[in-house]
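[1] What follows is a predicted protein model with its sequence.
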Amino acid sequence: MKRKGIVFLLFIIIFFSFLLSDNKAPIDQNLIKIYKDSNGPIFYPDSYIYTLLGKYSISFDNKTKKVEKHYIDFYQILNAAGRDKYSDYKIRFIKGKEKLEVLKAFILNKDLTFVNVEKGAINTVTPLGLEKASLYSNILDRVYSFQSVDPEDAIYIEYNKTKESRKGFIGSIFVFQEENPIREKILEIKLPKNMKLYTKIKNETKEKKIEKKVMENGDFRIYAFKMKDIPKIKPEEYRASDFYISPNITFSTSKNWEKTESQLYNDYEENSKITDNIKEKVKKLTEGLKTKEDKLTEIYKFISSEIKYIPLPLGLDGYSPHKASVVLENGYGDLRDKTVLFMAMLKAIGLRAHPVFVGTWADAEKELVVLSQFNYILIKVNLKGKTLFLDPNGENSVLGYTGIADGTDALMFAKKSQWVKIKNSVPNSVIAEFNININDKNEFKADINIKTSGYFDSIIKRLFKLSSEDEKSKEFSQYANIFNEGAESINYKLKNLKSFIHGAEVNQTIEGKDLYVKQGNIIVLNLPDNPYPFASFPFNISLKERNYPFNFGKKILIKEIWKIKGENDLKPLYLPEKMEINTDKYSFILYSIKKGREITIVREIRIKTKMLNTSEYLKFKKIYDKFNNWKLRTLLLEKSE
């Protein structure tokens, strides 16, 4: 009896110990060792977190067509800012298509104790912006809030995602380097031995070496890729994307694009059928219009402006769209769905359209089948023998403007799919003409005319299309004051703000005083700064040197024409010296001419490439600084009696 009492007492002690330590996780000695060896707070005080271990494993079984992804994230919080940014861990998953299983989620404290995330701090929520988008109600976020984490503590989370692969292959791009430093990062790919794995490694150097290993595991083969002591990608304005900077691996089990192309082509064709509601809407939109061009423009306007864009990453829930009729009924859609509705409506006016998958963040991978390289969709249409690439989200753009997709190689899905070169039929250009009249009282009147296209056109439309007259008036008053302190905006006019055919135009008249300095008959006039953000060089060229390539993202032309005229004839004593530099990447042109009483200064910058490497940037900056030196903006004039 006494023995039974002792056993019962032990049971009570163990039971209450369990209750009191309900939030304690079992100690993992390997994790403790990794944590104890970390010098993150000492070596990386300017970073948010230090990733101690990042592991991504993907396994594919070609018999069951099941894909299982296994994730481990183990990172140390380095400061209060890191805690604020990284204490909530979000796992996005597709309900009904993916099975999510979280295996472990805990904090490793500084005293080396493990604390599980509390049950009340685990929530499944609808992502921001999808609350009223029932088409995407299966997209959810599982959020783990590590509320008690402090700087120098570490967060560990491990989970699986399992789904069936309709594609019958796996392929992706894995990037090793991130915005925070990493102790160790691992990619593992597990495949049946009868499947081949194709890989391409980019940006690997002697300093950034990827370890590679192949292991046998029964009927499977495991391919492991590992990097250690990875420095963070430093924040830098206008830097190239991670794919051009970080060591990365493109991998796939297929080189057969044909099967994937056929599958997606059929999906877009099937879901872009012309239904009664689509016929009716198209008829209403195009009533009274005779040409296909006019009808196309009206449909483009409707798709880009009236169908709300849901900015979901392409591929998050696959690459196939919903039915066009359903998208029209709902009045919103992501990239896939706006595209398929656009296709269906164009079919209704007799125009054949094809979806074009575009990757704007990396060079096109044409050999290995990797759909995750694509992050955008355009539509290709032939109209009167001319090829147009159309953006379903071009709300502030004219027909045919493709933005940063210009010049990229993209995959067009058709009966016979093909890679095509995206050509922007609308150039990114701005021409600003400043007509300045000065008098002997040091008063001036400036009539300014600006014509825009492409990128610059979209800026104006984004700024002013929905602005009130009062807001516009205040903005143009500020432009006048920037042009010359104390100057007044006499009037302004904006044209083509709602046009999907013509670029926006701006006219403004500014009047003021003290534009020049006068001594006797000698006048010193410095050309004012261009006050218009939509008509100026859109990049800040201030860094003396760069860590990463400079990404313009687009080819542009900025041209300023300054015309100076006085009450009497003005004799040039000094005009900005001629400058003409022309390379395959960019050009700078500056020249001055006098014709009659008018002196004209022409300044032009043309960017012909999307990116400059670090050494090219240094050369460019030297020329750019010279081009903007005050000497090349100064006029020395003599007034005739």
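    Structure received.

[2] Chain neighbours aside, what residue packs nearest to residue 243?
    For residue 243, ignoring the flanking residues on the chain, the nearest one in space by Cβ to Cβ, 6 or more residues apart in numbering is residue 362 at 3.7 Å. Placement of C-beta: from N, CA and C, glycine included.

[3] pretty sure that neighbour contacts residue 173?
    Yes - with the criterion set as Cβ atoms under 8 Å, residue 362 and residue 173 qualify as a contacting pair; they are 7.1 Å apart.

[4] who touches both of the two?
    The overlap between the contact sets of residue 362 and residue 173 (Cβ atoms under 8 Å, 6 or more residues apart in numbering) consists of 243, 373.

[5] Low-confidence stretches in this structure?
    For the chain, applying pLDDT under 70 flags the ranges 1-27, 641.

[6] how does it look with 50?
    In the predicted model of the chain, residues 1, 7-25 satisfy pLDDT under 50.

[7] okay, now the domains of it?
    Structural domains annotated on the chain: 24-252, 257-421, 429-639, as defined by automatic domain parsing.

[8] most tightly surrounded among those domains?
    The highest average neighbour count among the domains of the chain, using mean count of other Cβ atoms under 10 Å, belongs to domain 257-421 at a mean of 19.

[9] how far does it stretch from start to finish?
    Taking Cα to Cα, to the nearest Å as the measure, domain 257-421 stretches 18 Å from start to finish.

[10] Stretch 54-74 too?
    According to Cα to Cα, stretch 54-74 extends 6 Å from its N-terminal end residue to its C-terminal end residue.

[11] and what of stretch 57-74?
    For stretch 57-74, the first-to-last residue distance is 15 Å (Cα to Cα).

[12] Contacts for it, please.
    Where contact means Cβ under 8 Å, 6+ apart, the residues beyond stretch 57-74 that reach it are 31, 34, 51-56, 89, 154-166, 168-170, 172, 186-192, 194-195, 220, 253.

[13] was I right about residue 589 contacting residue 627?
    No - when contacts are counted by Cβ under 8 Å, residue 589 is not listed as touching residue 627 (9.4 Å).

[14] between the two, what contacts are shared?
    Overlap of the contact sets of residue 589 and residue 627 (by Cβ under 8 Å, 6+ apart) consists of 579, 603.

[15] tell me, how many neighbours does the nearest residue to residue 455 once chain neighbours are set aside end up with?
    Counting by Cβ to Cβ, 6+ apart, the nearest residue to residue 455 once its immediate chain neighbours are dropped is residue 428, at 4.1 Å. When counting by other Cβ atoms under 10 Å, one arrives at 25 neighbours for residue 428.

[16] Backbone dihedrals for the residue nearest to residue 243, both of them.
    Backbone torsions for residue 362, taken as degrees, to the nearest 10, come to phi -160, psi 160.

[17] swap in residue 373?
    Here is the backbone geometry of residue 373 (degrees, to the nearest 10): phi -70, psi -20.

[18] The one 4 residues further on now?
    With angles defined as degrees, to the nearest 10, residue 377 shows backbone torsions of phi -130, psi 130.

[19] Quickly list what it is bridged to.
    Beta-bridge pairing of residue 377, defined through DSSP bridges, involves residue 357.

[20] correct me, but it touches residue 335?
    Yes - the pair formed by residue 377 and residue 335 meets the contact definition of Cβ under 8 Å, at 4.7 Å.

[21] list the residues that contact both of these two?
    Shared contacts of residue 377 and residue 335, defined by Cβ under 8 Å, 6+ apart, comprise 314, 392.

[22] what residues are up against the residue nearest to residue 243?
    When the contact criterion is Cβ under 8 Å, 6+ apart, the partners of residue 362 are 173, 241, 243, 244, 373.

[23] and those residues, which of them are in helices?
    Helix and strand membership here follows DSSP state H; of the contacts of residue 362, those in helices are 243, 244.

[24] now for the contacts of residue 362, which pair is the farthest apart?
    With distance counted by Cβ to Cβ, no two of the contacts of residue 362 lie farther apart than 244 and 373, which are 13.2 Å apart.

[25] Grab the nearest non-local neighbour of residue 205.
    In space, residue 205 comes closest to residue 247 once its chain neighbours are excluded; the distance is 7.7 Å by Cβ to Cβ, 6+ apart.

[26] OK, contacts around that neighbour?
    Residue 247 is in contact with 175, 176, 177, 201, 202, 203, 204, 205, 208, 210, 227, counting by Cβ under 8 Å, 6+ apart.

[27] Where strands are concerned, which of those residues count?
    Secondary structure assignment (DSSP state E) places 175, 201, 202, 227 from the contacts of residue 247 within strands.

[28] Most widely separated two among those?
    The span of the ones in strands among the contacts of residue 247, defined through Cβ to Cβ, is set by 202 and 227 at 13.2 Å.

[29] what about stretch 344-354, distance to the chain center?
    When C-alpha coordinates are averaged (Cα atoms, centre = their mean, to the nearest Å), stretch 344-354 and its chain have centres 29 Å apart.

[30] Bridged to residue 551, which residues?
    For residue 551, the beta-bridge partners are residue 611 (DSSP bridges).

[31] Relative to residue 69, how far out is it?
    With distances defined as Cβ to Cβ, to the nearest Å, the gap from residue 551 to residue 69 amounts to 30 Å.

[32] ok, now residue 163?
    Counting by Cβ to Cβ, the gap between residue 163 and residue 69 amounts to 8 Å.

[33] Would you state the helices of the stretch 351-500 of the chain in chain order?
    Taking DSSP state H, counting those that start in this stretch as the criterion, the stretch 351-500 of the chain carries its helices at 455-464, 469-483.

[34] quick revisit: so can I have TSV of the contacts of residue 247 showing distance to residue 139?
    Written out in TSV, the entries for those read as follows (distance: Cβ to Cβ, whole Å):
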residue	distance to residue 139
175	23
176	27
177	28
201	32
202	31
203	32
204	35
205	38
208	35
210	33
227	31
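
[35] Pretty sure residue 135 sits against residue 328.
    No - under the criterion of Cβ under 8 Å, residue 135 makes no contact with residue 328, lying 11.7 Å away.

[36] so what's in contact with the two at the same time?
    Between them, residue 135 and residue 328 have no joint contacts when contacts are counted by Cβ under 8 Å, 6+ apart.
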